[in-house]
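[1] What follows is a predicted structure for the sequence shown.
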There are 4 protein chains.
Amino acid sequence: MESSGYTFSTEFSVRDYECDIQGVVNNANYLHYLEHARHEFLVSKEINFTELHEAGIDLVVTKIEIEYKFPLRSRDRFIIKISLKRDGNVRLVFIQDIYRIPDEKLIARARVTGVATKNGRPVPPGDLISKLGLE
Amino acid sequence: MESSGYTFSTEFSVRDYECDIQGVVNNANYLHYLEHARHEFLVSKEINFTELHEAGIDLVVTKIEIEYKFPLRSRDRFIIKISLKRDGNVRLVFIQDIYRIPDEKLIARARVTGVATKNGRPVPPGDLISKLGLE
Amino acid sequence: MESSGYTFSTEFSVRDYECDIQGVVNNANYLHYLEHARHEFLVSKEINFTELHEAGIDLVVTKIEIEYKFPLRSRDRFIIKISLKRDGNVRLVFIQDIYRIPDEKLIARARVTGVATKNGRPVPPGDLISKLGLE
Amino acid sequence: MESSGYTFSTEFSVRDYECDIQGVVNNANYLHYLEHARHEFLVSKEINFTELHEAGIDLVVTKIEIEYKFPLRSRDRFIIKISLKRDGNVRLVFIQDIYRIPDEKLIARARVTGVATKNGRPVPPGDLISKLGLE
């Protein structure tokens, strides 16, 4: 997966309930972390889900690719760094990499593809593009 | 907590992702099991959340008391048995007991209090009472 | 449930994935929040689960009573305040109250009973008492 | 992603607590479903995680690629179909496709790569190969 200039980051700590029998964070919880980081990113760009939704527009994830490099454990701190780019007319691609704090060990790399939909059909992201600094 | 004549039951199996570092089902997941069992119960009584919601009526949990007697582990099978009664004019009380299968070991006992709300205010459960067989 | 002099507090924000169809935090997730707050509290008292576990001692929740007063919604900030007391020789009781930030609206009140177990049997909490400031 | 001859399948129903504000199953929960289906598959092949773990061998997911085609909603029933193949000496690849029941609508397609590790290092899956019918 490509690396690139990150434009946003947010920090987390592992909570014990996110770990499973093996003592490591369960794979599904990484998707929770990634979702929360994307939402923080969008909020930082003043993108308001509720207003969008009332205008019939939803942001929908269509594909996730994640490589698990090294497990997170109880109470580990980590940072998710994000970069964003366009892929064709309608797709947005979030590169989201997870690094442990403070040693910066690479924990996971993800590539999350999303589209804007209007009444359930993909549409060009329009106004979102300028808000997201992609022009 | 009181025991009583159960009127509904539903079976589950523990999934590995529901277990935590200690190798047992995390305490919060019991509330997921209990919620799912209550919803199955209400559906069995032909109570339709969506129709109720569109009529402005929501069923809201106001209190949960749960005693953890013995832990569930990976792949354990269990059954949740439910009885229901009224408490005053507006409250419904679900007694929900969890037993391991097949040895019937008591795993947890819960008492879940709910109210019907209309536009956010508690109301007598009305039509629900006859559907729930509480008259 | 009793109120009392809180001795610890920790802050959270609601993450969108913690909300359910009704747009509010799912009831089970409050137990996750409460667990995380207790663990933060115990760590602040230098109580080390791993060392305890290797000495055969586990801290086990035996009972949770929670009253849901008002729902948390997407992105709400909140604080969990904790006080702790003994109940008989072997039980510890955590009072955990959740308040929204910044308006201090009471969201939920919980009373969580735990015991120390050694090789699966309840034991007096011993050394924990002085560490927890309960003498 | 490739399709192929499925060799295992297991059925599920959506539980309400798995849905999020949008009224659809949260993306992360698909990974829970996929994990549970893989574990059911391995158990059906008499692969015993506990025995493996005691022999120092763990099965670890190194990569997940998932395409979300259509959302699951409250109470939807669905089936996960699995096929398995080798990728080089040490990797196993699970193709896991999710179809709604009864209309067989394709909901999601996933490709999950795993390795067997011994004391934390990848090893050829050895005995697993014959148990999994991959010889």
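    Everything's here; your move.
[2] In contact with A:Val24, which residues?
    By Cβ atoms under 8 Å, 6 or more residues apart in numbering or on different chains, the contact set of A:Val24 is A:Pro71, A:Leu72, A:Arg73. Every residue, glycine included, has its C-beta placed from N, CA and C.
[3] Redo the residues you listed as CSV? Include distance to chain B.
    Below are the contacts of A:Val24 laid out as CSV (distance: Cβ to the nearest Cβ, whole Å):
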residue, distance to chain B
A:Pro71, 13
A:Leu72, 13
A:Arg73, 9
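[4] between those residues, which is nearest chain C?
    Of all the contacts of A:Val24, chain C sits closest to A:Arg73, with 10.8 Å by Cβ to the nearest Cβ.
[5] if we can go back for a sec, now a ChimeraX select for only the buried ones of the contacts of A:Val24.
    To isolate the buried ones among the contacts of A:Val24 in ChimeraX, judged by 16 or more other Cβ atoms under 10 Å in any protein chain shown, type:
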select /A:71,72
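[6] so which of the contacts of A:Val24 comes closest to chain D?
    The nearest one, if we look at those relative to chain D and count by Cβ to the nearest Cβ, is A:Pro71, at 8.3 Å.
[7] Give me the nearest residue to the closest one, chain neighbours excluded.
    Residue nearest to A:Pro71 in three dimensions, not counting chain neighbours: A:Val24, with 3.7 Å by Cβ to Cβ, 6 or more residues apart in numbering or on different chains.
[8] Just checking, which helix or strand of chain A averages the lowest pLDDT?
    Least confident helix or strand, chain A: helix A:49-54 with a mean of 76, by mean pLDDT, DSSP states H and E.
[9] Enumerate the residues of chain A near chain C.
    Contact residues (Cβ under 8 Å from any Cβ of the partner chain) of chain A with chain C: A:Arg15, A:Asp16, A:Tyr17, A:His32, A:Glu35, A:His36, A:His39, A:Val43, A:Arg75.
[10] Within reach of chain D, which of those are there?
    Among those, the ones lying near chain D by Cβ under 8 Å from any Cβ are A:His32, A:Glu35.
[11] ok, of the residues of chain A next to chain C, which one's closest to C:Thr10?
    Nearest to C:Thr10 among those, counting by Cβ to Cβ, is A:Arg15 at 11.1 Å.
[12] Distance of the closest residue to that closest one other than its chain neighbours relative to chain D?
    Spatial nearest neighbour of A:Arg15, chain neighbours left out: C:His36 (4.6 Å); criterion: Cβ to Cβ, 6+ apart. To chain D, C:His36 is 18 Å away according to Cβ to the nearest Cβ, to the nearest Å.
[13] Got phi/psi on C:His36?
    Dihedral pair for C:His36: phi -60, psi -40, per degrees, to the nearest 10.
[14] what about it, how many neighbours?
    For C:His36, the neighbour count with other Cβ atoms under 10 Å in any protein chain shown is 18.
[15] Quick check: it vs D:Val93, distance?
    Relative to D:Val93, C:His36 is positioned 36 Å away (Cβ to Cβ, to the nearest Å).
[16] With A:Glu11 instead?
    Per Cβ to Cβ, A:Glu11 is found 34 Å from D:Val93.
[17] still on that earlier bit, JSON lines for the contacts of A:Val24, including secondary structure and pLDDT?
    Shown next, in JSON lines, are these (DSSP: H, G, I helix; E, B strand; the rest coil; pLDDT from 0 to 100):
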{"residue": "A:Pro71", "secondary structure": "coil", "pLDDT": "96"}
{"residue": "A:Leu72", "secondary structure": "coil", "pLDDT": "97"}
{"residue": "A:Arg73", "secondary structure": "strand", "pLDDT": "95"}
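[18] Name the helix or strand for the spatially most distant residue from the centre of chain A, please.
    Most distant residue from the mean C-alpha position of chain A: A:Ile21, 25.9 Å away (Cα atoms, centre = their mean). For A:Ile21, there is no helix or strand it lies in under DSSP states H and E.
[19] That one reaches B:Asp20, doesn't it?
    Yes: with contact defined as Cβ atoms under 8 Å, A:Ile21 and B:Asp20 form a contacting pair (7.4 Å).
[20] residue contacts, the residue farthest from the centre of chain A?
    Counting by Cβ under 8 Å, 6+ apart, A:Ile21 makes contact with B:Asp16, B:Cys19, B:Asp20, B:Ile21, B:Gly23, B:Ser74.
[21] if you set the cut-off to 7 Å instead, what comes out?
    Under the criterion of Cβ atoms under 7 Å, 6 or more residues apart in numbering or on different chains, the neighbours of A:Ile21 are B:Asp16, B:Cys19, B:Gly23, B:Ser74.
[22] For those residues, work out which two are farthest apart.
    Longest distance between any two of those is 10.0 Å, between B:Asp16 and B:Gly23; criterion Cβ to Cβ.
[23] okay, the two: which has more neighbours?
    B:Asp16 (19 against 14).
[24] on that earlier part again, of all the contacts of A:Ile21, which comes closest to chain D?
    Checking the contacts of A:Ile21 against chain D by Cβ to the nearest Cβ gives B:Asp16 as the nearest, at 5.5 Å.
[25] Dihedrals phi and psi, the closest one?
    As for B:Asp16, its main-chain torsions (degrees, to the nearest 10) stand at phi -60, psi -40.
[26] That one and chain A: what is the separation?
    Noted for B:Asp16: a distance of 6 Å to chain A, by Cβ to the nearest Cβ.
[27] how about that residue, what does it touch?
    With contacts defined as Cβ under 7 Å, 6+ apart, B:Asp16 is in contact with A:Asp20, A:Ile21, B:Ser74, D:Glu35, D:His36, D:His39.
[28] ok, now with 10 Å
    Listed by Cβ atoms under 10 Å, 6 or more residues apart in numbering or on different chains, the contact set of B:Asp16 reads A:20-22, A:26, B:73-75, D:32, D:35-36, D:38-40, D:49.
[29] got a winner among these for most neighbours?
    Comparing the contacts of B:Asp16 by number of neighbours (other Cβ under 10 Å), A:Asn26 comes first, having 25 neighbours.
[30] which parts of chain A sit against chain D?
    A:20-22, A:24, A:26-35, A:49-50, A:53, A:58, A:60-69, A:71, A:108-114 (Cβ under 10 Å from any Cβ of the partner chain).
[31] Buried among those? Make that a ChimeraX selection.
    Typed into ChimeraX, the line below selects the buried ones among the residues of chain A next to chain D, using 16+ other Cβ under 10 Å:
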select /A:20,21,22,24,26,27,28,29,30,31,32,33,34,35,49,58,60,61,62,63,64,65,66,67,68,71,108,109,110,111,112,113,114
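[32] Of the residues of chain A next to chain D, which belong to strands?
    Residues of those located in strands (DSSP state E): A:58, A:60-68, A:108-114.
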